[in-house]
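> One predicted model, sequence on top.
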There are 2 protein chains.
Amino acid sequence: MINYEALFKISYGLYVVSSGSEEYGNGYISNTVLQVTSDPPRFATCCNKDNHTAGLIKSSGLFAVSVLSQDAGAATIGTFGYKSGKEANKLEKMNVRYGETGVPIVLDDAVAFLECKVSETYDVGTHLMFIGDLVQAEVIDDSLDPLTYLHYRKVKKGVAPKNAPTYIDKSKLEKKPTEQEHARYECPACGYIYDEEKEGVRFEDLPEDWICPLCGSEKDDFVKL
Amino acid sequence: MINYEALFKISYGLYVVSSGSEEYGNGYISNTVLQVTSDPPRFATCCNKDNHTAGLIKSSGLFAVSVLSQDAGAATIGTFGYKSGKEANKLEKMNVRYGETGVPIVLDDAVAFLECKVSETYDVGTHLMFIGDLVQAEVIDDSLDPLTYLHYRKVKKGVAPKNAPTYIDKSKLEKKPTEQEHARYECPACGYIYDEEKEGVRFEDLPEDWICPLCGSEKDDFVKL
């Protein structure tokens, strides 16, 4: 028996994983970054095969990891979390530094970053796992707390997009949402839930230029649950 | 340039990873557990090649992950974190359940557990990365918060043992300890620091039967820094 609620007990941080070169780069939000050896310092990150950045990591053999801060805003999370780099150049409006290898590193809302050179790539099914040797590491702002997936889900009310390793089909959860007098509206782009009961304001009473606080989608796009 | 402080910004949980059979099993504390694909639900864990449990995972093709609670006590952390299963049978005094595959699962201080069947093993240098398909998952106590590595380091004052992927040689850190009028004593087994200034009691004034709150080592074993 698999209780999918148990999977939420695994702790993760949230990161912008970026790749490419000074000519063209891309990044996406990942929760799967971990150190695999200390000597040499070596990191792993796991990326959906359909992900645009996965292709860039394969071709350049490079990736950078920006550790997002707990204060990370909707602009950063929305840009890297729910838009594909296939359609938009995500790095255009961001604060980007190029690393020792030339890989783009996103500095917006970053507590620290790691720059890695891929040494191995493993096919783990729907995802690729890239193993990278650490080339450079820097703390950007030591006063900021790193954003965790738990904080993102609990405080920011975020959910994982469909191609994340931790995506969970809601029908698989044992706990069904309880019936409520107040309505709830879901952002189709990022899954953010606007809960009238919690917010104290009916969704229809929000101004027409109200946007999704997580990804910036328009009010009209929201779907009533 | 590598600033090793940046590596502390990566978020991890803390887990007992166990393996073996109903006849003989072992476990150790790991911070490297992550979900790598959602369909099928598949997990990775990274284990030092010298680790006794690594041998058991290789031979049995099984591992279990117990998610430790924030309230996890010195008995559990000390038993699984700093003693080798080569010398002691760690599971003897613990509350163990055997999973659907027969793998031992540690229930002490556990928020939830996962039971996995190894599908791939990758050699990442000093460590092996095991990829396992999820067989069973259960929540043990939903009221408990999972223990994170940050909480372990900040609140419990714990450090990683030498064979952990996240072990950092203190001489590599940029921030050197500041000089203090009060002395600090280190536990040689687990690295716990007794800081006289913070505790308000001189180390020599502690009772002789005082033990390390993290791993249970004796007062006499502590080394003055």
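Arrived safely.

> Could you use CA atoms for every contact and neighbour count after this?
OK.

> Run through the helices of chain A in chain order.
For chain A, the helices identified by DSSP state H occupy A:52-60, A:74-82, A:149-154, A:196-199, in order along the chain.

> Out of those, which is the most enclosed?
Mean neighbour count (mean count of other Cα atoms under 10 Å in any protein chain shown) peaks for helix A:74-82 among these, with a mean of 21.

> For it, C-alpha coordinates in PDB please.
Taking only C-alpha atoms (Å, rounded to 0.1, in the frame of the first residue of the first chain), the coordinates of helix A:74-82 have been written out as PDB:
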ATOM      1  CA  ALA A  74       6.100  35.700  -7.700                       C
ATOM      2  CA  ALA A  75       8.300  37.100 -10.600                       C
ATOM      3  CA  THR A  76      11.100  34.600 -10.000                       C
ATOM      4  CA  ILE A  77       8.900  31.600  -9.100                       C
ATOM      5  CA  GLY A  78       6.500  32.400 -11.900                       C
ATOM      6  CA  THR A  79       9.200  32.900 -14.600                       C
ATOM      7  CA  PHE A  80      11.200  29.800 -13.800                       C
ATOM      8  CA  GLY A  81       8.500  27.500 -12.400                       C
ATOM      9  CA  TYR A  82       5.600  27.600 -14.800                       C
END
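
> Distance from it to the middle of the chain?
Taking the mean of its C-alpha atoms, helix A:74-82 sits 8 Å from the chain's own mean (Cα atoms, centre = their mean, to the nearest Å).

> What is the end-to-end distance of stretch A:37-51?
For stretch A:37-51, the first-to-last residue distance is 26 Å (Cα to Cα, to the nearest Å).

> mind listing what's buried in that stretch?
A:Thr37, A:Ser38, A:Pro41, A:Arg42, A:Phe43, A:Ala44, A:Thr45, A:Cys46, A:Cys47, A:Asn48, A:Lys49, A:Asn51 (16 or more other Cα atoms under 10 Å in any protein chain shown).

> so can I have CSV of the residues you listed showing distance to chain B?
Conversion of the buried residues of stretch A:37-51 to CSV gives the following (distance: Cα to the nearest Cα, whole Å):
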residue, distance to chain B
A:Thr37, 4
A:Ser38, 5
A:Pro41, 8
A:Arg42, 8
A:Phe43, 9
A:Ala44, 10
A:Thr45, 9
A:Cys46, 6
A:Cys47, 8
A:Asn48, 8
A:Lys49, 11
A:Asn51, 13
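
> Which two among these are spaced furthest apart?
Comparing every pair within the buried residues of stretch A:37-51 by Cα to Cα identifies A:Ser38 and A:Asn51 as the most remote, at 28.2 Å.

> Closest to the centroid, which residue in chain A?
Within chain A, the residue whose C-alpha comes closest to the C-alpha centroid is A:Ile29; the distance, by Cα atoms, centre = their mean, is 2.5 Å.

> Which residues does A:Asp133 form beta bridges with?
Bridge pairing for A:Asp133 (DSSP bridges) gives the partners A:Arg42, A:Lys117.

> my read: it touches A:Ser119, true?
Yes: if you go by Cα atoms under 8 Å, A:Asp133 and A:Ser119 touch, sitting 6.6 Å apart.

> quick one, which of these two is more surrounded?
The neighbour count for A:Asp133 versus A:Ser119, taken as other Cα atoms under 10 Å in any protein chain shown, is higher for A:Asp133 (23 against 14).

> Distance check, that one against A:Ala44.
Between A:Asp133 and A:Ala44 the computed distance is 9 Å (Cα to Cα).

> Just the buried residues of stretch A:37-51: which are in strands?
When strands are assigned by DSSP state E, the members of these inside them are A:Thr37, A:Ser38, A:Pro41, A:Arg42, A:Phe43, A:Ala44, A:Thr45, A:Cys46, A:Cys47, A:Asn48.

> Can you name the residues that contact the fourth one?
Translated: A:Arg42. Contact criterion Cα atoms under 8 Å, 6 or more residues apart in numbering or on different chains gives A:Gln35, A:Val36, A:Ile131, A:Gly132, A:Asp133, A:Leu134 as the residues in contact with A:Arg42.

> Which single one of the residues you listed is nearest to B:Arg97?
Using Cα to Cα, A:Val36 is the member of those that sits closest to B:Arg97, with 28.5 Å.

> how far away is the closest one from B:Thr166?
8 Å.

> which one of those two has more residues nearby?
A count of neighbours by other Cα under 10 Å puts A:Val36 above the other of A:Val36 and B:Thr166, at 29 against 24.

> so that one touches A:Phe43, yeah?
Yes: using Cα under 8 Å as the test, A:Val36 is close enough to A:Phe43 to be in contact (5.4 Å).

> that older thread, show me which of the contacts of A:Arg42 is closest to B:Lys156.
Nearest to B:Lys156, judged by Cα to Cα, of the contacts of A:Arg42 is A:Gln35 at 21.4 Å.

> got a pLDDT number for the residue nearest to the closest one when sequence neighbours are not counted?
Spatially, and ignoring its direct neighbours in sequence, A:Gln35 is nearest to A:Phe43 (4.3 Å; Cα to Cα, 6 or more residues apart in numbering or on different chains). Listed pLDDT for A:Phe43 reads 97.
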